[in-house]
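> Build me a model from this:
(chains A and B)
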Protein chains: 2
Amino acid sequence: MRTILIGLGTIGQSYCQLLENRKEDLLTNYGIDSKIVAVADSKGVAIDEKGINISDILSVKKNNKSVSELSIGDKSKTSIDLIEEIDAELLVDATPTNIQDGEPSASLLESAMKTKKNIITANKGPLALAFSSIVEKADYNNVILKYSATVGGGTPVLEFGRKCLEADKILEMHAILNGTTNYILTEMDDRGLSFQDALKEAQELGYAETDPTLDVDGFDAAAKLVIMGNLLLGKELVLNDLKIDGIRDITQKDITKAKDNGNTIKLIASVNNMAKVEPVVIPKDDPMSVAGALCSVKFVSEFAGEEIIIGKGAGGMETASAMIRDLVEIKQNMRV
Amino acid sequence: MRTILIGLGTIGQSYCQLLENRKEDLLTNYGIDSKIVAVADSKGVAIDEKGINISDILSVKKNNKSVSELSIGDKSKTSIDLIEEIDAELLVDATPTNIQDGEPSASLLESAMKTKKNIITANKGPLALAFSSIVEKADYNNVILKYSATVGGGTPVLEFGRKCLEADKILEMHAILNGTTNYILTEMDDRGLSFQDALKEAQELGYAETDPTLDVDGFDAAAKLVIMGNLLLGKELVLNDLKIDGIRDITQKDITKAKDNGNTIKLIASVNNMAKVEPVVIPKDDPMSVAGALCSVKFVSEFAGEEIIIGKGAGGMETASAMIRDLVEIKQNMRV
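Alright, predicted model coming up:
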């Protein structure tokens, strides 16, 4: 499958790594021969219509350089140029999330649809801001749009709702969707750290960004919830519809009070009649009360009752594994 | 869909109830018009090729009587006669599990395949004893065989592995699969009961049978594990291949010792290179360490890492909801 890959941070690199590791498996078991014909990182591009050597991409990134150092193809091209000008069947979008205007991802998706390329995106931004219009546009243009990696890292949260409960009816979802805040709250509870100290530790460990707003103020969880609500409950939600409360104001006193009653505080994203993200006191032995960087999603369905799925909510390889699942599904659904 | 239903215990009745409750939904959303043309309980049969009124079936069972009281059709027929002689597209097998020889279910499945009827079974027996030959026979006869209800009650354990991880590779599974033993172990841990007292309580609450062997000696969990191992790991296991150890010998002393170290004892069914069921000491805060009648399954997959799904592992309506999921999948896969 002729692929244009945009974005070579942890997720983009892990995607390349998995393509390498699973080359044989993907070809033999799913008939997928993935060929990266163009690639872009934040500093430049590389193009080779015969397919770029994936190990070359990985080694240039390992040395913290741009793929433009590979010096193949016209270096003056932008990511949009690649999508509009190069013959390919698939865009893989591993650009960083931006929940202000969804860029650069929004324009990449737009170009891919216009030029009839199928899409795998790991970027929550555009879907959180305009889910239904993007999905509609993909349908209209007859391209397959997959976004399993936007929710739950490698944990198949969207697939579970879509494939395992399709003959049931999901009524509500309640979820811990952000690993950074869950790590912070866990450390505040387990070790009595203040919010500031736990945040600092999460930053030192590389869990939280220098600007932690997206995580600690609840926007990352909210963006994921918007995607779940649209896909699995058919709600036409956008990020602005949500009531969003982060964990910045949670004090050690709040934690202790919860603890004294056998409870703990978690940042819960939930959608039923309303969609919201807020700190909630829940029993410590509630099965969805996971620790550290895990995520958990409780589905309340009409007939099967309550089901919870738990997994690692982030991580490069895990997230890339969700993108490979998307790749297989696209292959299975592509009209030959 | 012309259906023959055998077995009208809790699960068979719940299946009828769900067909009634979801009549409109099944017809509108999935094109399923389910018509029960013959039904059998342990005392007799009823036959009506135009379709038996489901509320009549439910009301006769509510009064603890046999469907033979409905006095429709030839009362002298056996279950096997129904399958062999009546024109139908589907056998729904809700007979009780027997892990000695799989009967009566094994013969029902055999007859259904011979007469080209698709099958939904909630009975673990035949599959635990001869999974691969039964699946092979279904393929050979070109009938669809579905058995979601055999593992996890309403929790879509088999579907999760099959549909959500199909593009990954499941390496291992570890699971709490039997609600009765999990209830007993939970009560021994929480309230300090002895095994005997906890068992007695489970029996009084209707969780455990008068002869609790199938549950407490680990056979129910083992039968489920055999089905998971065959379907999801491609292992050609039968019940006899497993090392099976139940919870009968767990003492309050064992529990206390585990507890002192922050652990608890669970009956874990696991399959990797070996398949076995045995009591295992696990950390109390392990996410798969669920309490009471819940079940939990941890999937270790090659790329996405560890994922856990948790749900109610039994219950009439929950189990019947899995059978309805099977019904929808059969409808979607039936050649018209």
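> Need the outlier residue of chain A, farthest from its centre.
When distances to the mean C-alpha position of chain A are computed (Cα atoms, centre = their mean), the maximum falls on residue A:260, with 35.4 Å.
> separation between that residue and residue A:99?
Distance of residue A:260 to residue A:99, given as Cβ to Cβ, to the nearest Å: 36 Å. Where C-beta positions appear, they are placed from N, C-alpha and C, glycine not excepted.
> now residue A:86
For residue A:86, the distance to residue A:99 - Cβ to Cβ - is 29 Å.
> now the residue positioned nearest the centre of chain A: how far from residue A:86?
Per Cα atoms, centre = their mean, the C-alpha nearest to the average position across chain A is that of residue A:150, at 2.2 Å. Distance, residue A:150 to residue A:86, by Cβ to Cβ: 25 Å.
> What of residue A:57?
Distance from residue A:57 to residue A:86, by Cβ to Cβ: 16 Å.
> can you pull out the helices in chain A?
A:10-21, A:23-30, A:54-62, A:79-85, A:105-114, A:124-140, A:157-159, A:179-191, A:195-204, A:213-216, A:219-233, A:252-260, A:316-333 (DSSP state H).
> hmm, the first one touching chain B?
Yes. Contact check for helix A:10-21 against chain B, using Cβ under 8 Å from any Cβ of the partner chain: residues in range are residue A:18.
> domain parsing for chain A?
A:2-154+A:316-333, A:157-312 (automatic domain parsing).
> wait, which of those is closest to residue B:231?
Nearest to residue B:231, of all these, is domain A:157-312, at 14.3 Å by Cβ to Cβ.
> anything in the closest one near chain B?
Yes. Against chain B, domain A:157-312 shows contacts by Cβ under 8 Å from any Cβ at A:159-160, A:163-169, A:285, A:287, A:290-291, A:294, A:296, A:301, A:303-312.
> Please pick the buried ones from these.
For the residues of domain A:157-312 next to chain B, a burial check counting by 16 or more other Cβ atoms under 10 Å in any protein chain shown picks out A:159-160, A:163-168, A:287, A:290-291, A:294, A:296, A:301, A:303-312.
> quick one: stretch A:171-182 to chain centroid distance?
How far stretch A:171-182 lies from its chain's middle: 13 Å, per Cα atoms, centre = their mean, to the nearest Å.
> and the residue nearest to residue A:214 when sequence neighbours are not counted, how many neighbours does it have?
Among residues not flanking residue A:214 along the chain, residue A:220 sits closest, at 4.9 Å (Cβ to Cβ, 6 or more residues apart in numbering or on different chains). Counted by other Cβ atoms under 10 Å in any protein chain shown, the residues lying close to residue A:220 total 28.
> which residues touch residue A:220?
A:97, A:124, A:177-178, A:180, A:214 (Cβ atoms under 8 Å, 6 or more residues apart in numbering or on different chains).
> Show the pLDDT at it.
Per-residue pLDDT puts residue A:220 at 96.
> Next one: it from residue A:314, what distance?
Taking Cβ to Cβ, one finds residue A:220 at 10 Å from residue A:314.
> cool, residue A:324 as well?
For residue A:324, the distance to residue A:314 (Cβ to Cβ) stands at 16 Å.
> how about the domains of chain A, which one is nearest residue B:242?
domain A:157-312 (26.3 Å).
> quick one: buried residues of stretch A:84-93?
Buried-residue list, stretch A:84-93, by 16+ other Cβ under 10 Å: A:86, A:88-93.
> Out of these, name the ones that lie in strands.
In strands, judged by DSSP state E, the following of the buried residues of stretch A:84-93 are found: A:90-93.
> out of the residues you listed, who's nearest residue B:173?
Set against residue B:173, the nearest of these by Cβ to Cβ is residue A:92 (30.5 Å).
> Would you confirm that that closest one contacts residue A:2?
No. Counting by Cβ atoms under 8 Å, residue A:2 is not a contact partner of residue A:92; they are 11.2 Å apart.
> Just the terminal-to-terminal distance for stretch A:38-46.
6 Å (Cα to Cα, to the nearest Å).
> Tell me the gap between that stretch and the middle of its chain.
21 Å.
> In that stretch, which residues have enough neighbours to count as buried?
Within stretch A:38-46, the residues that qualify as buried are A:38-41, A:44-46, counting by 16+ other Cβ under 10 Å.
> And stretch A:206-225, by the same measure?
A:207-208, A:212, A:214-225.
> Quick one: end-to-end length of that stretch, please.
24 Å.
> where's that stretch relative to the chain centroid, distance-wise?
Remark: stretch A:206-225 is offset 12 Å from the chain centroid, using Cα atoms, centre = their mean.
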